[in-house]
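[1] Just need the structure, nothing else, for what follows:
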Amino acid sequence: MFDNTTAELLEQIETLTEAAKLSDVVREEAARLSALGGPRNAFENALVAGAPPLGLWRVYDHCAMVTRIYSVLDVFISSLARDVCDAYPRYRESYSKLPERVRKAHRVGFGKIILEIEEKRYHRTLDQADLVTTYLDGFNGTIPYRLIPEAFLAAKRALRFPELLAILNTLGFDEVEQKLAGHPFLRPYLADVPPAERKGSLQKRLDEFIDARNEAAHSAVSNTWATDRLFAVAYFVRDICLAIADIGATSFARRSLDLGMLTKIGRVTEVYGGGYIVVVQSDACTVGVGTEVVVCHAEGTKLGLIVSVEINDASVEGATVSAGSELGLNVTVKCHENDEIFLRSENQEITQVIIPEESAEEVVDPASDSVHESSEVDVELN
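    Prediction:
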């Protein structure tokens with residue numbers, strides 16, 4: 001469901017961190033060559049001659065990094081809204097079946113856009129006639145209906161934590177703050193935080209970044225963050241976005257289950273390996289390595305992947321089994337006895353969100369003191 005959106009997110013975060021690494025190397029090399037003096041080749045002369053004062057250079061790189069990270073977050077939320085709007089007609093048969101808060105947000109946002117249609121952010125991208133037709137078609141019961149993604153973002157302000165939660169709530173996401181505080185993608189950031197303080201900790205981290213972005217975009221910057229701290233912020237934004245996407249995908253998976261859109265693999269009868277290796281009493285189905293599954297248990301519904309399949313103690317890539325067969329599965333979601341596992345239908349777009357190998361544990365805490373004082377390093381290279 002969110003494949004393209006999360007792939008774009010990961011590509012953008014990787015690109016901006018690699019660019020920051022390169023800038024560090026170039027800046028250090030320029031400083032080294034300047035300090036050495038002596039004969040240089042043409043490239044080295046051009047590098048030293050074209051290098052700005054180190055302090056200002058760091059300020060520029062800091063501002064570029066934090067504003068770009070914010071742009072990645074902003075684009076992600078806009079793309080997520082578009083994906084959710086595209087998905088709803090497949091899971092809610094008519095506009096009237098949408099949750100009330102979704103319909104209200106759509107109606108209010110539509111009205112705001114119509115009032116402001118001539119403004120710069122709208123007049124080149126949205127057509128008034130199409131907007132009106134789209135809204136009235138849904139309101140009048142046309143099937144399939146369409147939603148206007150921009151309507152859910154019409155009142156968007158700086159993406160501080162409460163604003164982020166408000167947007168997700170209007171899109172139909174439930175209990176997002178609670179789910180984020182307990183999400184595995186965000187555990188590294190909350191490992192030493194008492195459970196009662198986890199929601200506040202996430203808000204503090206995000207809002208600290210928003211403050212830095214606002215300063216970078218609108219104010220004179222005196223303090224710059226070290227590269228490792230900037231990376232920590234980039235990875236935090238990446239991981240909170242991935243957690244949001246995973247929460248959304250899980251929500252739609254639950255809806256698919258309610259609508260009978262998923263094929264049942266079977267019931268878990270035994271668990272091993274901490275719950276990730278299971279024995280399943282199967283229904284008639286076809287399973288294979290890499291298959292996306294939905295695991296339903298007492299705590300809710302989660303998405304996962306099948307890592308390996310065993311039949312009669314022999315590993316297989318996939319198999320079609322009859323009802324009552326016994327399957328051994330290694331899955332990416334922790335299971336419990338009596339959990340039910342469902343196979344994603346081929347015509348559905350629910351996908352598991354996979355976190356990259358780099359984790360928050362590998363970078364400096366964004367709340368650390370990794371700060372450069374620009375005024376102390378504002379020297380000329382020559």
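
[2] All the strands of the stretch 251-382 of the chain, in order from the start?
    Ranges of strands in the stretch 251-382 of the chain, per DSSP state E, counting those that start in this stretch, are 263-272, 277-282, 285-288, 292-297, 300-311, 314-316, 318-321, 326-331, 340-343, 371-373.

[3] Tabulate those strands (a markdown table), appending mean pLDDT, mean neighbour count and distance to residue 256.
    For the C-beta atoms, the positions are set from N, CA and C on the backbone; glycine is no exception. Output for the strands of the stretch 251-382 of the chain, formatted as a markdown table (pLDDT from 0 to 100; neighbours: other Cβ atoms under 10 Å; distance: least, Cβ to Cβ, whole Å):
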| stretch | mean pLDDT | mean neighbour count | distance to residue 256 |
| --- | --- | --- | --- |
| strand 263-272 | 91 | 18 | 11 |
| strand 277-282 | 92 | 20 | 20 |
| strand 285-288 | 89 | 17 | 16 |
| strand 292-297 | 84 | 22 | 7 |
| strand 300-311 | 86 | 18 | 9 |
| strand 314-316 | 90 | 11 | 27 |
| strand 318-321 | 88 | 14 | 22 |
| strand 326-331 | 93 | 20 | 18 |
| strand 340-343 | 89 | 22 | 8 |
| strand 371-373 | 42 | 14 | 47 |
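
[4] Show me the one of those strands that comes nearest residue 99.
    Closest approach to residue 99 among the strands of the stretch 251-382 of the chain (Cβ to Cβ): strand 300-311, 17.4 Å.

[5] From the chain's centroid, how far away is that closest one?
    Computed by Cα atoms, centre = their mean, to the nearest Å, the separation of strand 300-311 from the middle of its chain amounts to 22 Å.

[6] One more: stretch 12-30?
    For stretch 12-30 - counting by Cα atoms, centre = their mean - the centre lies 23 Å from the chain centre.

[7] Same question for stretch 107-116.
    With Cα atoms, centre = their mean, you get 27 Å for stretch 107-116.

[8] Return it as CSV; C-alpha atoms alone will do.
    Below are the C-alpha coordinates for stretch 107-116, written out as CSV (Å, rounded to 0.1, in the frame of the first residue of the first chain):
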residue,chain,number,x,y,z
ARG,A,107,-15.6,18.4,3.9
VAL,A,108,-13.9,21.1,5.9
GLY,A,109,-10.7,20.8,3.9
PHE,A,110,-12.6,20.9,0.6
GLY,A,111,-14.4,24.1,1.7
LYS,A,112,-11.1,25.7,2.7
ILE,A,113,-9.5,24.8,-0.7
ILE,A,114,-12.4,26.3,-2.6
LEU,A,115,-12.1,29.5,-0.6
GLU,A,116,-8.4,29.7,-1.3
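
[9] I'd assumed residue 80 was in contact with residue 248.
    Yes - look at residue 248 against residue 80 with Cβ atoms under 8 Å: they come within range, at 6.9 Å.

[10] With distance to residue 23 as extra columns, can I get the strands of the stretch 251-382 of the chain in TSV?
    TSV is the format used below for those (distance: least, Cβ to Cβ, whole Å):
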stretch	distance to residue 23
strand 263-272	48
strand 277-282	46
strand 285-288	45
strand 292-297	39
strand 300-311	37
strand 314-316	47
strand 318-321	47
strand 326-331	42
strand 340-343	47
strand 371-373	14
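
[11] can you tell me which of those strands comes nearest to residue 90?
    It's strand 292-297; of those, that one is closest to residue 90 (Cβ to Cβ) at 15.8 Å.

[12] Now do that closest one against strand 300-311: the angle between them, please.
    Computed by axes from the mean of the first three to the mean of the last three Cα atoms, to 10 degrees, the angle separating strand 292-297 from strand 300-311 equals 120 degrees.

[13] Strand 292-297 relative to strand 263-272, how many degrees between them?
    60 degrees.

[14] Who are the packing partners of the helix or strand hosting residue 10?
    Assessed by DSSP states H and E, residue 10 sits inside helix 3-36. Packed against helix 3-36 by the contact rule (3 or more Cβ pairs under 8 Å, 6 or more residues apart in numbering; DSSP states H and E) you find helix 42-50, helix 54-91, helix 227-258.

[15] roughly how far out does stretch 199-216 sit from the chain middle?
    17 Å.

[16] Sorry, slip of the keys, the one I care about is stretch 56-72.
    For stretch 56-72, the distance to the chain centre is 20 Å (Cα atoms, centre = their mean).

[17] and it, C-alpha only, in CSV?
    What follows is stretch 56-72, C-alpha atoms only, in CSV (Å, rounded to 0.1, in the frame of the first residue of the first chain):
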residue,chain,number,x,y,z
LEU,A,56,29.8,29.8,7.6
TRP,A,57,30.3,26.6,5.6
ARG,A,58,29.1,24.6,8.6
VAL,A,59,26.1,26.9,9.0
TYR,A,60,25.1,26.4,5.4
ASP,A,61,25.5,22.6,5.6
HIS,A,62,23.5,22.5,8.9
CYS,A,63,20.7,24.6,7.4
ALA,A,64,20.6,22.6,4.2
MET,A,65,20.4,19.3,6.1
VAL,A,66,17.7,20.2,8.6
THR,A,67,15.5,22.0,6.0
ARG,A,68,15.9,19.0,3.7
ILE,A,69,15.0,16.5,6.4
TYR,A,70,11.9,18.5,7.1
SER,A,71,11.0,18.5,3.4
VAL,A,72,11.3,14.7,3.4
